[in-house]
Structures are given as structure tokens and as C-alpha cells.
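*Asks:* give me a 3D structure for the following:
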Amino acid sequence: MLKRISVTGPESTGKSWLAEHLAAHFKEPWVPEYARVFLENLNAPYTFDDVLHIAKGQFEAENDLAKTAKEYLFCDTDFLVTHIWCLVKFGKSHTWIEEMLETHRYTHYLLCSPDLPWQADPLREHPNLRKELFEMYKTELQNRNFSFSIVSGEGDERLQHAIDAILSFDKVNLSPDL
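*Replies:* Residues are numbered from 1 along each chain as shown. Predicted structure coming up:
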């Protein structure tokens with residue numbers, strides 16, 4: 001069975017780097033962040049409906065790459081990201097995103113800690129809210145009973161923490177019931 005691993009969390013916490021490096025380590029595909037490409041090609045401020053389009057584009061890209069995966073698919077972002085993004089920016093979330101958040105669960109979530117230095121980027125909006133946003137992600141994951149690990153550290157240390165979290169999750173979930 002394919003294990004979909006979501007790399008999630010606030011802006012500028014190394015999600016893209018981590019998803020790409022996990023894919024290389026496990027020799028599996030990763031799904032890049034659809035929002036980046038979409039927003040870089042948008043010639044206007046994004047809207048509430050644009051976030052829905054982004055969520056659907058991410059889902060489509062994920063399903064396409066799932067066909068090439070053997071054991072893992074590493075996803076740089078998920079419905080939790082678009083849900084929180086909508087709540088913070090617009091004060092509400094799309095019904096479709098809400099439904100997908102409940103029905104399209106990932107095998108395990110890697111919640112990236114905001115312990116990395118902020119990297120400025122024209123698409124990033126909240127350099128001073130990363131800790132608060134991290135707590136929102138953590139609370140959502142806990143309240144929804146999603147399996148997750150917090151990943152921290154820089155560079156190879158962060159990557160190793162993520163690898164260890166995945167392998168620990170696999171070990172626990174493959175152990176026979178006693």
C-alpha cells in the first residue's frame with residue numbers, strides 16, 4: 001500500500017527542500033508545491049477561489065505522481081496548508097477543501113518546525129506569524145487525530161529527523177498486535 005507522506009507547516013520552514021530530499025533518500029517521487037507555480041504565473045493578487053484552484057491542482061499533481069511511486073509519495077503541501085491559508089487570509093475555508101481534509105488523509109504528516117531562519121520570498125506573507133501558525137497546524141493535526149511528527153533542526157539533521165520519524169512510524173504500524 002502506498003504511504004503518502006505530507007510535509008506540512010508554516011511558510012519558510014523548509015518543506016520543499018525536505019520533500020525533495022526525502023524523495024531522493026527513499027528513491028521515490030515527490031510532489032512539488034503547485035501554489036508556487038500558479039502564483040508566479042498569476043498577474044493579479046490571488047483570491048479565495050484561487051486557493052481552491054491551487055488545492056485542486058495540488059491534488060491532481062499528487063494523483064498523477066502516485067502512479068509512479070512504489071512505497072512512498074512525498075507531498076510538499078496538503079489540504080491542511082490550503083485550509084489554514086484560507087482561514088488566515090480570508091477568515092473561512094472552502095467546503096471542498098474541508099471535505100478533502102477529512103476524506104483524503106495522508107499516512108503520516110511531517111510538521112516542520114519554524115526553527116529555520118526566515119527566507120524572504122515575494123510569495124511569502126507572514127514572517128512574524130510562523131510560531132502562531134505552527135501552533136495552528138499542530139492543533140489541527142491533534143484535533144483531527146492525524147498521525148504526525150514534528151521535524152526540527154537544519155540541513156542534514158532535519159532530514160535525518162524526518163527519515164527517523166518515517167521509519168519509526170512504519171515500525172510501529174507494521175508491528176503485529178500483541
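
*Asks:* how about the strands in this protein?
*Replies:* All strands of the chain, identified by DSSP state E, fall at 3-8, 30-31, 72-76, 108-112, 148-151.

*Asks:* and these: which comes nearest residue 120?
*Replies:* Nearest to residue 120, of all these, is strand 108-112, at 17.6 Å by Cβ to Cβ. Yep, even glycine has a C-beta here, placed from its N, CA and C like the rest.

*Asks:* now that closest one: mean pLDDT?
*Replies:* Here the mean pLDDT over strand 108-112 is 97, rounded to a whole number.

*Asks:* give me the phi and psi for the nearest residue to residue 11 once chain neighbours are set aside.
*Replies:* Excluding the flanking residues, the one nearest residue 11 by Cβ to Cβ, 6 or more residues apart in numbering is residue 124, at 4.6 Å. Torsion angles at residue 124 (phi, psi; degrees, to the nearest 10) stand at phi -90, psi 140.

*Asks:* dump the C-alpha coordinates for stretch 115-127 into PDB.
*Replies:* Provided in PDB are the C-alpha atoms of stretch 115-127 (Å, rounded to 0.1, in the frame of the first residue of the first chain):
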ATOM      1  CA  ASP A 115      13.200  26.900  13.800                       C
ATOM      2  CA  LEU A 116      14.900  27.800  10.400                       C
ATOM      3  CA  PRO A 117      15.800  31.400   9.600                       C
ATOM      4  CA  TRP A 118      13.100  33.200   7.600                       C
ATOM      5  CA  GLN A 119      13.900  33.200   3.900                       C
ATOM      6  CA  ALA A 120      12.300  36.200   2.200                       C
ATOM      7  CA  ASP A 121      10.300  35.400  -0.900                       C
ATOM      8  CA  PRO A 122       7.700  37.500  -2.800                       C
ATOM      9  CA  LEU A 123       5.100  34.800  -2.300                       C
ATOM     10  CA  ARG A 124       5.500  34.600   1.500                       C
ATOM     11  CA  GLU A 125       3.300  36.700   3.700                       C
ATOM     12  CA  HIS A 126       3.800  36.100   7.400                       C
ATOM     13  CA  PRO A 127       7.400  36.300   8.600                       C
END
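
*Asks:* much appreciated, bye for now.
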